[in-house]
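> structure of the sequence below:
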Amino acid sequence: MTLDVLYSVVIFLVGVGILVYSVEELIENITKAAVLSGISTFMLAVIFAGMDFENWAFGVASILGDIPGIAIGSAIGSALFLAGVAVPLAGFFAPIESKIDIDYLFLMVASPLILLPFLFDMNVTRVDGLALLVIFALIIYYIYREEKKGRETFRDEETEEALEEIEEEGYKKWHYLGLSALFVIGIIIGSELAVQGARQIVTELGLIQTVFGMTFVGFIMSLEEILLILEPVRNGRTSIALGNIAGSLIFFSTGNIGLIALTNGFKIHTSVLGFYWPFLFVTTLIISFFLYLGRIKKKEALILGGIYVSYWILSYTMI
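The predicted structure is shown next:
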């Protein structure tokens, strides 16, 4: 590895680190400010469980940095990492033995199918992005309406923790809003550094943007998903992990790509439609079937993990 490549990798990882940290702190402070302002804590829990803000921020920065292959690659690659690494690790070390309601599973499977028509012409426009965002909003509204009836699939653990911390800290909402603004700046800086590093890595190594985004970027951007799924299951809070799985898979296929396209329309590589989307759909379908049966244990984990390994190998040998 040359010094230029090493430098690019360091810049990319530093940028991702700043981005992830800033987003986590932004969410925490927005939650506290919202609680003090009287905004629905349940709605906050739904949004924060399902929406991967750092992935979206990186995707937008990638689009603005004229590397759209990495942008859509990060979204789909992160979804595949969640289903092929984070969930299998939970299934192997802390088996999931719980179901998700069938209509929510239907929405999970439907999400990549909803994305498919927008990929046919190899060009995702701002109008397409707006349509995907509207669809995502309708899905979230449906889940919210159903949860309001008492299903309680999504738990607002972050809100409960925020309430405890607010009582200990004794600050007003303006303190948390100020910190939120500070971490927005952190997100911008982190995104710019990550995109700069990613662009240099692609250039130096002669990689295809989409392949790099689908594998390496998706892997790095979603490492935290392992803890977000594994730890709740180990601590007997399976519903939190299930909410994260369902919400994330829906968001990556609709809301995330919609937000990126709304920033600026972009063309996609043929491999997105012919290779990566089929992997996304099949993986989502299989994980939905396992959750319908109410179990993800070692056998199911090995199946999902095997699919993800084959996906990585094929990405670098066939594309």
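
> so what does residue 266 look like in phi/psi?
Dihedral pair for residue 266: phi -150, psi 160, per degrees, to the nearest 10.

> residues near it, how many?
23 (other Cβ atoms under 10 Å). To be clear about C-beta, it is placed using only N, CA and C from the backbone, and glycine gets the same treatment.

> for residue 189, same thing?
15.

> gap between the nearest residue to it once chain neighbours are set aside and residue 70?
Spatial nearest neighbour of residue 189, excluding adjacent residues (Cβ to Cβ, 6 or more residues apart in numbering): residue 18 at 6.0 Å. Separation of residue 18 from residue 70 (Cβ to Cβ, to the nearest Å): 18 Å.

> the nearest residue to residue 257 once chain neighbours are set aside: what secondary structure?
Leaving aside its chain neighbours, residue 257 sits nearest to residue 75 (5.3 Å; criterion: Cβ to Cβ, 6+ apart). Three-state call for residue 75 (DSSP: H, G, I helix; E, B strand; the rest coil): helix.

> what's residue 75 in contact with, if anything?
If a contact means Cβ atoms under 8 Å, 6 or more residues apart in numbering, then residue 75 has 55, 59, 218, 252, 253, 256, 257, 260 as its contacts.

> got the CA positions of the strand or helix carrying residue 131 in PDB?
According to DSSP states H and E, residue 131 maps onto helix 126-148. This file holds the C-alpha atoms of helix 126-148, laid out as PDB (Å, rounded to 0.1, in the frame of the first residue of the first chain):
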ATOM      1  CA  ARG A 126     -35.100  14.400  -7.900                       C
ATOM      2  CA  VAL A 127     -38.800  13.500  -8.700                       C
ATOM      3  CA  ASP A 128     -38.000   9.900  -8.000                       C
ATOM      4  CA  GLY A 129     -36.300  10.900  -4.700                       C
ATOM      5  CA  LEU A 130     -39.400  12.900  -3.700                       C
ATOM      6  CA  ALA A 131     -41.700  10.000  -4.500                       C
ATOM      7  CA  LEU A 132     -39.500   7.600  -2.400                       C
ATOM      8  CA  LEU A 133     -39.600  10.100   0.500                       C
ATOM      9  CA  VAL A 134     -43.400  10.300   0.300                       C
ATOM     10  CA  ILE A 135     -43.700   6.500   0.300                       C
ATOM     11  CA  PHE A 136     -41.300   6.300   3.300                       C
ATOM     12  CA  ALA A 137     -43.300   8.900   5.100                       C
ATOM     13  CA  LEU A 138     -46.500   7.000   4.500                       C
ATOM     14  CA  ILE A 139     -44.900   3.800   5.800                       C
ATOM     15  CA  ILE A 140     -43.700   5.600   9.000                       C
ATOM     16  CA  TYR A 141     -47.200   7.100   9.400                       C
ATOM     17  CA  TYR A 142     -48.800   3.700   9.100                       C
ATOM     18  CA  ILE A 143     -46.400   2.200  11.700                       C
ATOM     19  CA  TYR A 144     -47.000   5.100  14.000                       C
ATOM     20  CA  ARG A 145     -50.800   4.800  13.700                       C
ATOM     21  CA  GLU A 146     -50.600   1.100  14.400                       C
ATOM     22  CA  GLU A 147     -48.200   1.500  17.300                       C
ATOM     23  CA  LYS A 148     -50.500   4.200  18.800                       C
END
